[in-house]
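next input, structure requested:
(chains A and B)
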Amino acid sequence: MCFASTKPKFSEKDYIMPPRDPDTVIFYYEIGKKDVKCFRVAEYEDAYIICPSGEIKPIGKPGFYQIISIPAKIIWIRSSRFVLSVGVPRGVLPGGFGVNADLSLYLQYPEIFIGNIITAEKQGKISIDDIRKELRKLLENAVRNLQITPEMERRKIVDLVHGEMNNLISRTWLNGFICDVQSVGFSFECELSKLLDELAR
Amino acid sequence: MDLSIAKKILLSVYPLRCCPYCGARITESKNNMCSACGSEISERFIRDLARVYVEKTLRGTSISPTELNRAVSNVSLVDISNRFTSIMDSIERKIFSLYREKIFDAKKSRNIEELRRISSEIREIKSRIFTKINEMQNAQIRAITTNTIEDIERAYKIFEEFRNEIARYMDPKVIGLYVIPEFSYLIADRLYKAMRFNDAVQWYGTTITANLFPESRPDVGKLPLYMTATSIPFGALFLESYDIDYDGIREIFYVPSREVGGLEIPCSIINEIGIVWQPFKGYDILVPKFGRFGDYSMLILAWESDRLADAKILNMDGEEMRIRYGDDTYYSIPVISARVLDVDGDGMHELLITSLRGRFFILKMRDDYLEANCLTMGNIVDCAMANMADGSRLIVLSQNGRLLEVDPATLDIDLLLRGIEGAEYSSMATGDLDGDGIDEIYLSTPGGVFRIGHRDGDIVHSKIQGGNTLGVAIWDINSDRQKELVIFELKERGIIASIHVTKEFLGGKTLDAVKSYYAEIRHMESLKRARFNFINIFNSRPYFLVSDADGDHSPEIFIGLEKCLVSIDMKYS
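Numbers count the residues shown, from 1 in each chain, chains lettered A, B, ... in the order given. Here you go, the predicted model:
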């Protein structure tokens, strides 16, 4: 084990943590000789550590940790942001409708994902927009491949899209994540038209 | 209509929209782009939608649509959408924290069905939150506009229901964003008059939170547009600030003075809707002290009775710390006031305790106990560290009007100044405003602000402003990377803040007043400054805390007066 639990520190200068910016959902940092050796994992984050041996260890509980041997790379994942909606606007898909999906991402195989994203850089980050862009592409491809139409039974659409997106995700840099599709909706279901009527009045 | 109220209303109607291009409910959007599909939605379109929602919300209240539209048109939608992203993030963080273990277990056992159930529960909670927020805010607006007992009571019940059902999924500061301060003050005031003091403190705290949020960030080079003041009709016994939940915003810990009977709150966080802070039971008063104390980042002063000066010092696990003083060991000491400072400059903090009979303890953490040094200098009203000509010194102000400096290495005491009038009503600040590398000392007394500094090796002092001054804050108020001096003065029924900048004058440095602000303290019949009372030690005392309590990078000021606490916020937009 290249890390151990420690007591909370007084000042932010005494430990390393990812930026507070809600757009940054994945952040990694290599703790070297000159860095403070303590880091924090928040209640809303999952974290993994790549020990000097190359072994990837998950950090089970939130709290403060001390690095025992260096260099060690810490990867923070702001998992709380991974219950999200993605959509494909109308005009992109054949049929003239837009589509949206409520989905959740779970990191099931951290070794695969971490291996894909980590570079030799001391630190790096991935934003929620990067993830959304990738998921948008996946949703678009899934709807195209499956030739989804609004007339199909909704439960069936959800199951098909779920299966196809998980099939497609394994070919992207998001491989390692499971994408759980919970619902699928269409652009014409937006209640905006009623509001526009109200606006006109 | 006040701009901050318009912002609060817009924030509550904002998430109810959906995207016309993909159909997703726009739970958040950045720069007017649908976060789900990335399509751009015109600002005018969003503004019109917001107007319809707001009009629907306020139908039947006395707020005129014209007035409302004017206020809404002055709010930046980009600001609202960015703010909403932070709110959403905060809610998601809180919900995830509560589900964390369940998610962890489901992931470990690869139970996809359970994960699906959890996600759908999370979505359902998020959606319920915004419906309830809307309902809660509508009821508050109705209550303050109609001012009928029925509407006030209804709004109160909805808020309490919200607090019980939903509050655990939200950061209290986020709840404050949606509360209309006039409403919470109305409730607090009624509870106070009904002598339900504990409940009243919570509602006054809610009012302070509601006034602080949404925060207004300073623009580079611009001075604040106006200043707001909120009050609590209880004095301050202790005030502390620290970011205890690591969200980037400091919490303000407040212990109300004990002039009235029946007030039993050991400590309250007044910028988090007045929630009670009580990590350990069995104490009448709890005061957290933050610093680098060996392995600990917090020590807690704990009074078992608010009639006895003796306080225990607890560590973060609630264990009593031993205090070694010479050959003796104590488990409690009389504490009148306490400060945390790095006196010896070793990077670790010491706890400085003003005790009874003029004793002043410097407690240093050693392994698992506190080592005490005692100085007898008279009753100490205030203390601070200052970088003086001979190095770092502890500066203390005593009740009998003496200003002393203590050499941290030898604990030798030197007199800097004597005859300070009204010292027991005064407060002190230190800082280097003239840029000579040596700190000046600023004493705020009932007769004005005195600056004490060095010139040619001598200690010199001058009165830089007259009036009933309460305290000074040294900060870069206009983000121009130059610190300004802000003097706060008690005037009639309010507080005046005057901003002074350092300017060159005949080869020297002088302070020049550039702008002043006045905020009336409503609802308080008379305002008096508090006196440091060394006999009735749990009564109001003078307090002057400068701390960024809303994360806007501009500090708020908390002033302890006689049976009154005032929270001051500078507004830039």
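
tell me the contacts of the residue in chain B positioned nearest to chain A?
At 2.9 Å from chain A, residue B:22 is the closest residue in chain B, using C-beta to the nearest C-beta. Heads up, the C-betas are built off the backbone N, CA and C, glycines and all. Applying C-beta atoms under 8 Å, 6 or more residues apart in numbering or on different chains, we find residue B:22 in contact with A:87, A:88, A:89, A:90, A:98, A:99, A:100, A:187, B:34, B:36, B:37, B:39.

repeat for residue A:29
A:16, A:18, A:39, A:73, A:74, A:122, A:123.

number of residues surrounding the closest residue to it other than its chain neighbours?
Distances taken as C-beta to C-beta, 6 or more residues apart in numbering or on different chains place residue A:123 nearest to residue A:29, at 4.5 Å, with adjacent residues excluded. Residue A:123 has 13 neighbouring residues, counting by other C-beta atoms under 10 Å in any protein chain shown.

for residue A:123, which residues are in contact?
A:27, A:28, A:29, A:30.

give me the sheet partners of the helix or strand containing the second one and which way each runs.
Same thing as residue A:28. Using DSSP states H and E, residue A:28 sits within strand A:24-31. Strand A:24-31 pairs in its sheet with strand A:72-77 (antiparallel), strand A:123-127 (antiparallel), by DSSP bridges.

does residue A:141 touch residue A:168 like I think?
Yes. Using C-beta atoms under 8 Å, residue A:141 makes contact with residue A:168 at a distance of 5.8 Å.

out of those two, which sits in the more crowded spot?
Taking other C-beta under 10 Å, residue A:141 and residue A:168 do not tie; residue A:168 has more neighbours (19 against 15).

the more buried one and chain B, how far apart?
17 Å (C-beta to the nearest C-beta, to the nearest Å).

and that residue, helix, strand or coil?
helix (DSSP: H, G, I helix; E, B strand; the rest coil).

what's the closest non-adjacent residue to it?
residue A:138 (4.9 Å).

what helix or strand is that neighbour on?
helix A:128-146.

now do that helix, average pLDDT.
For helix A:128-146, mean pLDDT rounds to 97.

what angle sits between it and strand A:24-31?
If you take axes from the mean of the first three to the mean of the last three C-alpha atoms, to 10 degrees, helix A:128-146 sits at 120 degrees to strand A:24-31.

in strands, which of the contacts of residue B:22 fall?
A:87, A:88, A:99, A:100, B:34 (DSSP state E).

residue B:203 touches residue B:194, doesn't it?
No. Here residue B:203 does not reach residue B:194: they are 11.4 Å apart, not a contact under C-beta under 8 Å.

those two: who's more crowded?
Neighbour count, other C-beta under 10 Å: between residue B:203 and residue B:194, residue B:203 has more, with 26 against 10.

wait, is that one part of a helix?
Yes. Looking at residue B:203 with three-state DSSP, it is inside a helix.

just checking, residue B:77 touches residue B:47?
Yes. Counting by C-beta under 8 Å, residue B:77 touches residue B:47, with 6.4 Å between them.

and the two? Which one has more around it.
residue B:77 (19 against 16).

how near is that one to residue A:89?
Per C-beta to C-beta, to the nearest Å, residue B:77 is found 20 Å from residue A:89.

partner residues bridging the residue of chain A found nearest chain B?
At 2.9 Å from chain B, residue A:87 is the closest residue in chain A, using C-beta to the nearest C-beta. Using DSSP bridges, the bridge partners assigned to residue A:87 are residue A:100.

correct me, but it touches residue A:133?
No. With contacts counted by C-beta under 8 Å, residue A:87 stays clear of residue A:133, the gap being 11.9 Å.

what about the two, which has more around it?
Using other C-beta under 10 Å, the more surrounded residue of residue A:87 and residue A:133 is residue A:87, with 30 against 13.

how many neighbours does residue B:417 have?
18.

so for chain A, the centremost residue is which one?
residue A:82 (5.1 Å; C-alpha atoms, centre = their mean).

name the nearest residue to it, sequence neighbours excluded.
Per C-beta to C-beta, 6+ apart, closest to residue A:82 is residue A:105, 4.1 Å.
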